[in-house]
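Undergrad: Take a look and give me a structure for this.
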Amino acid sequence: MRPAPAPANGRAIGLDVARALAIAGMVLVNFELSLTKSAEPSWLAALTSLVQGRASALFVILAGFGIQLMATAQGDLRRTRVVVLRRALFLAAIGYAFLPLWPADILHFYALYFVVGAVALGRSARGLWIGATIVVVGFLVFGLPVYDRGWNFETLEYAGLWTLEGSLRNLFLNGFHPVLPWSAFLLWGMWLARRYRSGALRGPRPIVVGAAVAVVVELVSRGLIAAAAGDDDLAALVGTASIPPVPGYMFAAGATATAVLLGCLYLVDERDALPHRVLRPLAHTGQLALTLYVAHVVVGIGAFHETGADLTLPETVAWWAGFCVLAAAASHAYRTFFATGPFEWLLRRAGGRSSPRAPVSRPD
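TA: As a prediction, the model looks like this:
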């Protein structure tokens, strides 16, 4: 197969659209976690549960995809590693500054994923697979036995988070998005980028395969949970929930995210199937994903915490939909005047320019 054609401006706009979907899903999950007083009606709770742990997995896979594309475009692994590691330091700084305000923060975990990505640059496809397998198995060996340590799962508070032992345990083994096994998503994203550039993952077939794998894993998991006959510990081991991130979850979330990512690339970059009046706001939203991540906590959640209001689940979903519309409109308006979002600009300044001159992406 010949390689997938590159967009005219040098940027895969489908990645921006996928990033917009990822941030929208993460906002929904976090709004429900922070603002909702009851999970009723049950049918709506079942629908919102479909994105729990999946949107953030897509976010991490996109990071791996982007790191690999950066390395390919740059052609200088040493220089790319420096950029990735400097960006990791920036993400760690703002993530830990953000953590007292938002205990479910992913940015400080993201920083360690970037370190893993920097180490993995230049490794063979087999090496990426081996690395992903090691971190998944490493969680089962080292993380799962201590997964409940420090946690109050009813309040989602973590005791000893600011001690050295508690911080390291939370970061690597049993936090919301621990390095073991979540960095496997980043390695998977790097592998996907290589395969996509080679032309092996073009067309609808890989999308269907990813979706089918996700469905099969979910069905098998449900059958095993039913067979567990009320054994909560066994049900957790064979489940697909993100807490704890057991292999069933990793496969289900990874396959779902892969289908969404490849679907966006197929519809946007391969088929040009989205109307531009829809594509442009979505792409611009994805290009400001880091800024919107910060904004959804400071504005989207903070506004209600200041008033002490608790929302019903339908009210939360309505606020989420309104926030997403406002975010897309604001991002689209902002990108009319500025090439980069404020936090994205800081991230690039911290990491240094990854190429001599990067074109501005404005899908027309």
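Undergrad: how about the helices in the stretch 151-300 of the chain?
TA: 164-169, 179-197, 205-227, 232-237, 247-265, 276-287, 289-295 (DSSP state H, counting those that start in this stretch).
Undergrad: any idea which of these scores lowest on pLDDT?
TA: Here the lowest mean pLDDT among the helices of the stretch 151-300 of the chain goes to helix 232-237, at a mean of 87.
Undergrad: pull the CA atoms of that helix into PDB?
TA: The C-alpha trace of helix 232-237 is given here as PDB (Å, rounded to 0.1, in the frame of the first residue of the first chain):
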ATOM      1  CA  ASP A 232     -16.700  -8.100  43.700                       C
ATOM      2  CA  ASP A 233     -12.900  -8.700  43.600                       C
ATOM      3  CA  LEU A 234     -13.200 -11.200  40.800                       C
ATOM      4  CA  ALA A 235     -15.600  -9.000  38.900                       C
ATOM      5  CA  ALA A 236     -13.100  -6.100  39.100                       C
ATOM      6  CA  LEU A 237     -10.400  -8.300  37.700                       C
END
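Undergrad: ok, and for that helix, which residues are buried?
TA: For helix 232-237, the neighbour count (16 or more other Cβ atoms under 10 Å) marks Ala235, Ala236, Leu237 as buried. In short, each C-beta sits where N, CA and C put it, glycine included.
Undergrad: what's the closest non-adjacent residue to the last one?
TA: Which is Leu237. Closest residue to Leu237 apart from its sequence neighbours, by Cβ to Cβ, 6 or more residues apart in numbering: Val246 at 5.7 Å.
Undergrad: pLDDT score for the one you found?
TA: pLDDT, Val246: 96.
Undergrad: wait, what's in contact with it?
TA: Leu140, Leu144, Ala236, Leu237, Val238, Gly239 (Cβ atoms under 8 Å, 6 or more residues apart in numbering).
Undergrad: of those, closest to Glu218?
TA: Gly239 (9.9 Å; Cβ to Cβ).
Undergrad: Let me know the distance separating the residue nearest to Leu237 from Thr256.
TA: 16 Å (Cβ to Cβ, to the nearest Å).
Undergrad: so Gly143 sits right up against Val179, yeah?
TA: No - the pair Gly143 and Val179 fails to qualify as a contact (Cβ atoms under 8 Å) at a distance of 9.2 Å.
Undergrad: Residues that sit against both of the two, list them.
TA: Contacts common to Gly143 and Val179, judged by Cβ under 8 Å, 6+ apart, are Phe172.
Undergrad: Around the residue nearest to Tyr158 when sequence neighbours are not counted, how many other residues sit close by?
TA: The spatially closest residue to Tyr158, leaving aside those adjacent along the chain, is Gly150, at 5.0 Å (Cβ to Cβ, 6+ apart). Residues contacting Gly150 under the criterion other Cβ atoms under 10 Å number 19.
Undergrad: picking up where we left off before, and of the helices of the stretch 151-300 of the chain, who's closest to Arg78?
TA: Nearest to Arg78 among the helices of the stretch 151-300 of the chain is helix 179-197; the distance by Cβ to Cβ comes to 17.0 Å.
Undergrad: in that closest one, what counts as buried?
TA: Buried residues in helix 179-197, counting neighbours by 16+ other Cβ under 10 Å, are found at 179-194, 196-197.
Undergrad: Stretch 140-148 now?
TA: Gly143, Leu144, Tyr147.
Undergrad: mind putting those residues in JSON lines, secondary structure and distance to Ile225 included?
TA: Formatted as JSON lines, the buried residues of stretch 140-148 follow (DSSP: H, G, I helix; E, B strand; the rest coil; distance: Cβ to Cβ, whole Å):
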{"residue": "Gly143", "secondary structure": "helix", "distance to Ile225": "21"}
{"residue": "Leu144", "secondary structure": "helix", "distance to Ile225": "17"}
{"residue": "Tyr147", "secondary structure": "coil", "distance to Ile225": "18"}
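Undergrad: Those into CSV, with extra columns for distance to Ala318?
TA: Supplementary listing: the buried residues of stretch 140-148 in CSV, determined by distance: Cβ to Cβ, whole Å:
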residue, distance to Ala318
Gly143, 37
Leu144, 38
Tyr147, 34
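Undergrad: quick one: contacts for the residue nearest to Tyr158?
TA: So Gly150 contacts Tyr158, Ala159, Gly160, Leu161, Gly166, Arg169, Asn170, Asn174 (Cβ under 8 Å, 6+ apart).
Undergrad: Need the phi and psi values for it.
TA: Torsion angles at Gly150 (phi, psi; degrees, to the nearest 10) stand at phi 90, psi -10.
Undergrad: Please renumber the chain so that the first residue is 50 from this point on.
TA: Will do, 50 is the new start, and the previous item becomes Gly199.
Undergrad: Output the below-cut-off pLDDT ranges for the stretch 300-413 of the chain.
TA: 354-358, 402-413 (pLDDT under 70).
Undergrad: which one of the buried residues of helix 281-286 is nearest Ser91?
TA: The closest of the buried residues of helix 281-286, once distances to Ser91 are taken by Cβ to Cβ, is Ala284, at 18.8 Å.
Undergrad: residues in contact with that closest one?
TA: Ala284 makes contacts with Ile274, Ala277, as judged by Cβ under 8 Å, 6+ apart.
Undergrad: try 10 Å this time
TA: By Cβ atoms under 10 Å, 6 or more residues apart in numbering, the residues touching Ala284 are Ser270, Leu273, Ile274, Ala275, Ala276, Ala277, Ala278, Ala290.
Undergrad: just Arg172 next, same as before
TA: The contact partners of Arg172, taken as Cβ under 10 Å, 6+ apart, are Trp178, Ile179, Gly180, Leu236, Met239, Trp240.
Undergrad: Looks to me like it is in a strand.
TA: No - membership of Arg172 in a strand is not supported by DSSP: H, G, I helix; E, B strand; the rest coil, which gives coil.
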